[in-house]
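**Q** With the input below, show me the fold.
(chains A and B)
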Amino acid sequence: MSPTFSSQLRAVVRRDLDRERRSGEVVWITIPFGAIALILVQLAVGADVPVLRELGPGLYWAVVLLFGVLISVRRTTVETPAQRDLIALLGIDPAAAFAGRALASTLLLIGFEVIVGGVAVLFYDIQLSAIGWVLTALILPVAAYGMAVLGTIAGSIATRAAIGPALIPLIVAPLAVPLLLAAAESVEGLRNGTGILPWMLLMVTVDLVLSIAGVTTARPLMETQ
Amino acid sequence: MGSSVGGSRCSAPTGGGIQWWTKLGLRALATLPAMAGETLVDLRAITARVAMAQILRRVDLRIQSGTAVGIFGSNGAGKTTLLRIIGTLLPPTGGEGWVLGASLNAADRFDVRSRIGMIGHLPALYPELTLRENLQFVARVAGIAPSVADESLATVGLGNAADRAVGASSHGMLRRAEFAREIMRRPDLLLLDEPHTALDPSAVELVEHVVDGVIARNGAVIVVSHDRARVASMVHRSVELAAGVLE
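**A** Now for the predicted structure:
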């Protein structure tokens, strides 16, 4: 049987999730650190509930963005040169390798968002209507996908440029602004009942642009210098 | 400086080293298996610079199907760089070359990669996964039935260690697992970098078994080593690489 794009994509997703299942890096290290970051900020701000309610969504998304991008960056940069050579010699479609890695990171990021989101609800007293919670289920995966793609591209560039993770904040920061803004404003829209459509459209647009950028640069970023 | 290597069935390369299908742009044909007497590797005045250092200097090398070639040299001679260039993983900085009919300087080199196998210095395995899972991943990406992974592991004597994590395996076991991977993939061109490293004396037969398998399929094998005594009996011809010059 000849490999297809989807079979290669599934193989990469499965590999990355299996690796995470064994190492527990996201579950036992990144998620607790993200939760602690939110709790520490709450302690620093104090017990003023209206202030916490106001700050909560923005702080939550800032934490999700920082830790979330790290999750996807890490999945790319931990690959050894020997592993990268193997992937190249398997004749894998670079777009399938990119998409598979981004998809696995998206699933891990959704887990991160849900668990750290629970902490945010507890410590920042974030309150939404019933329909608001349902719509949150739309916001989380769209934001997670954008951050996963962004982190995967940033990790690939850092690996390709052979300068390590030092370049990553410079790549991520400007591209992450629209995602952070749209995600935070979406939750604000749910709280205030002002609607989330424009912000969702912005996030979807950013996701699409990043996806196209990731797929088209997958081959050059896979090649070693 | 140059070297032409081949068995008795060897013939001159077609079209000056460029396969006719490459000229016509018929990339799908690049995935066809090698034929007897076909030139699988054709390097002409290849040079390589890595991080300002001149690693290879005008290397000429021609290898035809059904042939195993040993490339010997001391540390830093450029053996691994040459192997990575032949494996299409590193573009040459000068000269021209063709591997399995694909130009090293053109995008069609990507199309022949799935026909190239390589076992390098360090294991290309994922430490969190078991030996079986590593091979099954390769099988899924390469379009091979994942069940073949178990057969390949049994062939190299790792049938009972298939569920062992890479991180809990010895270097010798990892080396065997890499040979299992190449047995499973059945490449037309196999590149071995110091293949005997970490293998016990009983595993030397394993290396010969894999090399013989590729040769029997009209493929070619390139073995890079500084240990001439161990490799010489496995190959049809040996060449020496010294300071980036092939002698």
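**Q** residue contacts, residue B:180?
**A** B:131, B:135, B:149, B:152, B:153, B:155, B:156, B:158 (C-beta atoms under 8 Å, 6 or more residues apart in numbering or on different chains). For every residue, glycine as well, the C-beta is placed using N, CA and C.
**Q** show me what contacts the first one?
**A** Read that as residue B:131. Residues in contact with residue B:131, defined by C-beta under 8 Å, 6+ apart, are B:125, B:153, B:158, B:161, B:162, B:163, B:164, B:166, B:169, B:173, B:177, B:180.
**Q** Now the fifth one. Nearest residue, chain neighbours left out?
**A** So the one you mean is residue B:162. Nearest non-adjacent residue to residue B:162, counting by C-beta to C-beta, 6 or more residues apart in numbering or on different chains: residue B:132, 4.0 Å away.
**Q** That neighbour contacts residue B:150, doesn't it?
**A** Yes. Applying C-beta atoms under 8 Å as the test, residue B:132 and residue B:150 come out as touching, 6.7 Å apart.
**Q** Now list whatever residues contact both of the two.
**A** With C-beta under 8 Å, 6+ apart as the test, residue B:132 and residue B:150 both reach residue B:162.
**Q** Next, the buried residues of the helix or strand hosting residue A:73.
**A** Using DSSP states H and E, residue A:73 sits within helix A:49-77. Buried residues in helix A:49-77, counting neighbours by 16 or more other C-beta atoms under 10 Å in any protein chain shown, are found at A:52, A:55-77.
**Q** Would you map the helices across chain A?
**A** A:5-23, A:25, A:31-45, A:49-77, A:81-89, A:94-124, A:130-160, A:168-192, A:197-216, A:218-222 (DSSP state H).
**Q** so which of the ones you listed gets nearest residue B:221?
**A** helix A:81-89 (15.0 Å; C-beta to C-beta).
**Q** For that closest one, output the C-alpha coordinates as PDB.
**A** Presented in PDB, the C-alpha positions along helix A:81-89 are these (Å, rounded to 0.1, in the frame of the first residue of the first chain):
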ATOM      1  CA  PRO A  81      19.200  15.600  13.800                       C
ATOM      2  CA  ALA A  82      19.100  11.800  13.300                       C
ATOM      3  CA  GLN A  83      15.300  11.800  13.800                       C
ATOM      4  CA  ARG A  84      15.000  14.600  11.300                       C
ATOM      5  CA  ASP A  85      17.100  12.700   8.800                       C
ATOM      6  CA  LEU A  86      15.000   9.700   9.200                       C
ATOM      7  CA  ILE A  87      11.800  11.600   8.700                       C
ATOM      8  CA  ALA A  88      13.200  13.100   5.500                       C
ATOM      9  CA  LEU A  89      14.300   9.700   4.200                       C
END
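**Q** ok, it near chain B or not?
**A** Yes. Applying C-beta under 8 Å from any C-beta of the partner chain, one finds helix A:81-89 in contact with chain B at A:81, A:82, A:83, A:85, A:86, A:87, A:88, A:89.
**Q** PyMOL command to pick out the buried ones of the residues you listed?
**A** Entered in PyMOL, the line below selects the buried ones among those, by 16+ other C-beta under 10 Å:
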select buried, chain A and resi 82+83+85+86+87+88+89
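**Q** count of neighbours near whichever residue of chain A sits closest to chain B?
**A** Using C-beta to the nearest C-beta, residue A:91 is the residue of chain A that sits closest to chain B, at 2.9 Å. Other residues near residue A:91 number 20, with proximity taken as other C-beta atoms under 10 Å in any protein chain shown.
**Q** In contact with it: list those residues for me.
**A** Taking C-beta under 8 Å, 6+ apart as the test, what residue A:91 contacts is A:3, B:110, B:111, B:113, B:114, B:141, B:142.
**Q** tell me, how many neighbours does the third one end up with?
**A** To tie it back to what came earlier, the one meant is residue B:111. When neighbours are counted by other C-beta under 10 Å, residue B:111 registers 20.
**Q** Please apply the same query to the second one.
**A** Burial of residue B:110, expressed as a neighbour count using other C-beta under 10 Å, amounts to 19.
**Q** So what's the residue count around the closest residue to residue A:68 other than its chain neighbours?
**A** Leaving aside its sequence neighbours, residue A:68 sits nearest to residue A:147 (C-beta to C-beta, 6+ apart; 4.3 Å). Around residue A:147 there are 34 other residues, counting by other C-beta under 10 Å.
**Q** Over to residue B:202?
**A** Number of residues near residue B:202 (other C-beta under 10 Å) recorded here: 9.
**Q** I'd assumed residue B:126 was in a helix, is it?
**A** No. Residue B:126 is assigned coil when assessed by DSSP: H, G, I helix; E, B strand; the rest coil, not a helix.
**Q** And it, how far from residue B:177?
**A** Using C-beta to C-beta, to the nearest Å, residue B:126 is found at 11 Å from residue B:177.
**Q** list the residues that contact both of the two?
**A** Contact criterion C-beta under 8 Å, 6+ apart; residues shared by residue B:126 and residue B:177: B:134, B:166.
**Q** More neighbours: the two, which one.
**A** Between residue B:126 and residue B:177, counted using other C-beta under 10 Å, the more crowded position is residue B:177 (27 against 23).
**Q** hang on, residue B:75 is in a strand, isn't it?
**A** No. Under three-state DSSP, residue B:75 falls outside any strand and is assigned coil.
**Q** With adjacent residues omitted, what lies nearest to it?
**A** In space, and not counting its chain neighbours, residue B:75 is closest to residue B:226: 6.8 Å by C-beta to C-beta, 6+ apart.
**Q** hang on, the earlier thing: looking at residue B:132 and residue B:150, which one has more neighbours?
**A** Neighbours around residue B:132 and residue B:150, counted as other C-beta under 10 Å, are more numerous at residue B:132. The numbers are 20 against 17.
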